[in-house]
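Peer 1: Kindly generate the corresponding structure for this input.
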Amino acid sequence: EALPVLEANLALIRRGWPRHEEGTLGAQGALACCLVGLGRLDEALVIFRAIHAKEVASHGIKHVSAIASGCNIAGTLEGLGRREEATVLFRDQLLPAARQSLGLDHDFTLNIAYNLANTLKNNDKRTREDLLEAETILQDVTPRRRRVLGPAHPATRSSVDLLSDVRAKLAETPGPATNP
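Peer 2: Predicted coordinates for the structure are as follows:
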């Protein structure tokens, strides 16, 4: 039901306020999120990529809106099972940008690091090195979340649980001992 309304809203904004880029991007984002909810991830990915390109062109890669739009791409790639692409985006672009512009303890930075670790763990083609990288990330993220958000916060608990899951996967995977 929402999809036709969101499509009409986007058309209205484009027609009525053609120079209002923020409104257009917001309407495109809402439309893409609706498509994700409907399972139409390929269509959403195209829109998320267009939004990200505009955000980067307007604000630069280190701006919070560019980082957020990049996270939408990475999350959609993850949903499509394209975890290698999501990992590269999280690791090589989004996490460094968030660390540099928002800081290590910012909730958004911690979420990106958590999502990278989760993507590494969930990759069907993961290696032991991927699991070790995920463990290292979570050994940093978990105490930061505990300090910034508190030990009872759901995000902190998710980090603790994911770290436990990663360590269980490492125990099942042949190779040298885990990180100290």
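
Peer 1: most centrally placed residue in the protein?
Peer 2: residue 71 (3.6 Å; Cα atoms, centre = their mean).

Peer 1: Just confirm that residue contacts residue 93, I think it does.
Peer 2: No: applying Cβ atoms under 8 Å as the test, residue 71 and residue 93 come out as separate, 10.2 Å apart. Placement of C-beta: from N, CA and C, glycine included.

Peer 1: Can you give the contact residues for the lengthiest helix in the chain?
Peer 2: The residue-count maximum for a helix in the chain (DSSP state H) belongs to helix 128-149. With contact meaning Cβ atoms under 8 Å, 6 or more residues apart in numbering, helix 128-149 is reached by 104-105, 107, 110, 113-114, 116-118, 120-121, 123, 153, 155-156, 159-160, 162-163, 166-167, 169-170, 173-175, 178-179.

Peer 1: other SSEs contacting the helix or strand bottoming out on mean pLDDT in the chain?
Peer 2: Least confident helix or strand of the chain, by mean pLDDT, DSSP states H and E, is helix 2-16 with a mean of 75. The contact analysis (3 or more Cβ pairs under 8 Å, 6 or more residues apart in numbering; DSSP states H and E) places helix 2-16 against helix 21-37.

Peer 1: what about the protein, any weak spots by pLDDT?
Peer 2: Counting by pLDDT under 70, the chain contains low-confidence ranges at 9, 20, 176-180.

Peer 1: which ones are touching residue 86?
Peer 2: Residues in contact with residue 86 (Cβ under 8 Å, 6+ apart) are 74-75, 77-78, 119.

Peer 1: Which of those residues are buried? Put it as a PyMOL command.
Peer 2: Here is the PyMOL command that selects the buried residues among the contacts of residue 86 (16 or more other Cβ atoms under 10 Å):
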select buried, resi 74+75+77+78+119
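
Peer 1: gap between the two ends of stretch 36-45?
Peer 2: 9 Å (Cα to Cα, to the nearest Å).

Peer 1: What are the buried residues along it?
Peer 2: 36, 41, 44-45.

Peer 1: contacts for it?
Peer 2: When contacts are defined by Cβ under 8 Å, 6+ apart, stretch 36-45 is touched by residues 3, 32-33, 35, 73, 76-77, 79-80.
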